[in-house]
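Colleague: Sharing a sequence plus its predicted fold:
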Amino acid sequence: MDCWDIIFNIIYYKYINIGSCGMNVEELIQKKKIMYRQQGADFVVHCLNPEHDDSNPSMRIDKITGIFHCFSCGYKGSIFKYFDTPVSFLEQKRARLKRKIEDRRTESVGLTMPKDLMAYAGNFRNIKPETYTKYEAFTHHESQYVGRVVFPIKDITGRVSAFIGRHMDSTVVPKYMIFPPKAKMPLFPSHASPILGRIILVEGIFDALNLLDKGLSNAMCCFGTRNMDIYKLSMLKVQGVIGLDILFDGDTAGREAAESIVELCDKVELLSQVVQMPEGLDPGALPVDRVKNLKEWLYDEPEEHSIN
């Protein structure tokens, strides 16, 4: 039992466990003899809609609230109302408390590297072996890692916050997997190496790796267009960063996300500019000559703001 278990027990038994009526979601599902499997914060079941012949389970039921939604036919509701069964509000409070404490436990304790890992030193996506070595890439025999190049993602304290694995077969879905699935992703690499006080911000880890590998030592990624916030920008300022050059994909989503980050930069008084990428081109696919040109344009001739 760790300190979070102790906190949970104190709060639960002192303030919540004062008698209960009704049942929780899992008890109700079991009572109704519904086949289910757990997936994240939900139970996955065959759709409860009598008009939907759901051969492949497509309904999710929230473990705490009992709210269900079929992602195939759109059928929604509450499992407690569906079966006309009283809700155990005390049990819901207990479950919410436990979920919050589990989240805090994950945040406060760093992950450990898997045993029996094999360091990866190939040249996948034309990235040099020494770059993979620098960022501790590995492969592993466990099912979630098989066929993937995996990287430990560390926060600024050096603690491993998550692992991200990219499948080496680009046809496999999903291409990327994050462990644990709901991990909060810091910037990668964890420490900024600004050039003239600036970093170049990209979306994905292989965007950053490609630029780092080919000479842009100030590249960092934010793991998606919606994963940037004021806290991360403030941490960059602490590390001496004065500005961001935002290099997202050249599609509409990438351009809109870049503009939203410019607004965040204004709030924390960081300089920022959007570097325009041609439609259909991403930083992870730039060859060495274009990366060299990009570096010269941004940091030797700062009036240039686009890639030809």
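Modeller: Sure, I can see it. Residues are numbered from 1 along each chain as shown.
Colleague: And the residue nearest the centre of this structure?
Modeller: Met185 (5.2 Å; C-alpha atoms, centre = their mean).
Colleague: Contact partners for the closest residue to that one other than its chain neighbours?
Modeller: Using C-beta to C-beta, 6 or more residues apart in numbering and skipping the chain neighbours, the partner closest in space to Met185 is Phe223 (4.2 Å). Glycine gets a C-beta too; all of them are placed from N, C-alpha and C. Phe223 makes contacts with 164, 185, 188, 203-205, as judged by C-beta atoms under 8 Å, 6 or more residues apart in numbering.
Colleague: now do Ala119
Modeller: 133, 136-138.
Colleague: Mind picking the two most distant members of the contacts of Phe223?
Modeller: Greatest spatial distance in these: Ile164 and Glu203, 12.9 Å, computed using C-beta to C-beta.
Colleague: Those two: who's more crowded?
Modeller: Glu203 (26 against 21; other C-beta atoms under 10 Å).
Colleague: Pretty sure that one sits against Ile246.
Modeller: No: contact criterion C-beta atoms under 8 Å: Glu203 and Ile246 do not qualify, at 9.6 Å.
Colleague: burial measure for Tyr135, as a count.
Modeller: 19.
Colleague: SS state for the closest residue to it other than its chain neighbours?
Modeller: Of all residues not flanking Tyr135 in the chain, Phe151 sits nearest, at 5.8 Å (C-beta to C-beta, 6+ apart). Following DSSP: H, G, I helix; E, B strand; the rest coil, the label given to Phe151 is strand.
Colleague: on that earlier part again, please report the distance of the residue nearest to Met185 from His46.
Modeller: According to C-beta to C-beta, to the nearest Å, Phe223 stands 34 Å off from His46.
Colleague: can you check Thr131 too?
Modeller: Thr131 is 47 Å from His46, by C-beta to C-beta.
Colleague: still on that earlier bit, now render the contacts of Ala119 as CSV, adding distance to Ile61, secondary structure and neighbour count.
Modeller: As requested, the contacts of Ala119 are exported to CSV (distance: C-beta to C-beta, whole Å; DSSP: H, G, I helix; E, B strand; the rest coil; neighbours: other C-beta atoms under 10 Å):
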residue, distance to Ile61, secondary structure, neighbour count
Thr133, 45, helix, 12
Glu136, 39, coil, 15
Ala137, 38, coil, 24
Phe138, 36, strand, 20
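Colleague: Could I get those residues in JSON lines, plus columns for distance to Val275 and pLDDT?
Modeller: Converted to JSON lines, those look like this (distance: C-beta to C-beta, whole Å; pLDDT from 0 to 100):
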{"residue": "Thr133", "distance to Val275": "29", "pLDDT": "96"}
{"residue": "Glu136", "distance to Val275": "29", "pLDDT": "96"}
{"residue": "Ala137", "distance to Val275": "27", "pLDDT": "97"}
{"residue": "Phe138", "distance to Val275": "32", "pLDDT": "97"}
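Colleague: Could you single out the nearest of those residues to Val274?
Modeller: The closest of these, once distances to Val274 are taken by C-beta to C-beta, is Ala137, at 30.0 Å.
Colleague: Just give the nearest non-adjacent residue to the closest one, would you?
Modeller: Of all residues not flanking Ala137 in the chain, Tyr120 sits nearest, at 4.2 Å (C-beta to C-beta, 6+ apart).
Colleague: still on that earlier bit, okay, the residue nearest to Met185: pLDDT?
Modeller: Phe223 is assigned 94 on the pLDDT scale.
Colleague: Repeat that for Gly280.
Modeller: Reading off the model, Gly280 has pLDDT 70.
Colleague: my guess is it contacts Gly254, does it?
Modeller: No: applying C-beta under 8 Å as the test, Gly280 and Gly254 come out as separate, 10.8 Å apart.
Colleague: of those two, who's got more company?
Modeller: Gly254 (21 against 9).
Colleague: in what helix or strand does that one lie?
Modeller: Counting by DSSP states H and E, the element that carries Gly254 is helix 252-267.
Colleague: before we move on, what about Ile164?
Modeller: strand 160-167.
Colleague: So what touches that strand?
Modeller: 110-113, 144-145, 147-155, 174-180, 183-186, 205-206, 223.
Colleague: just for the stretch 1-150 of the chain, where's the confidence low?
Modeller: For the stretch 1-150 of the chain, the stretches flagged by pLDDT under 70 are 1-22, 88-110.
Colleague: can you do 80?
Modeller: 1-23, 87-110 (pLDDT under 80).
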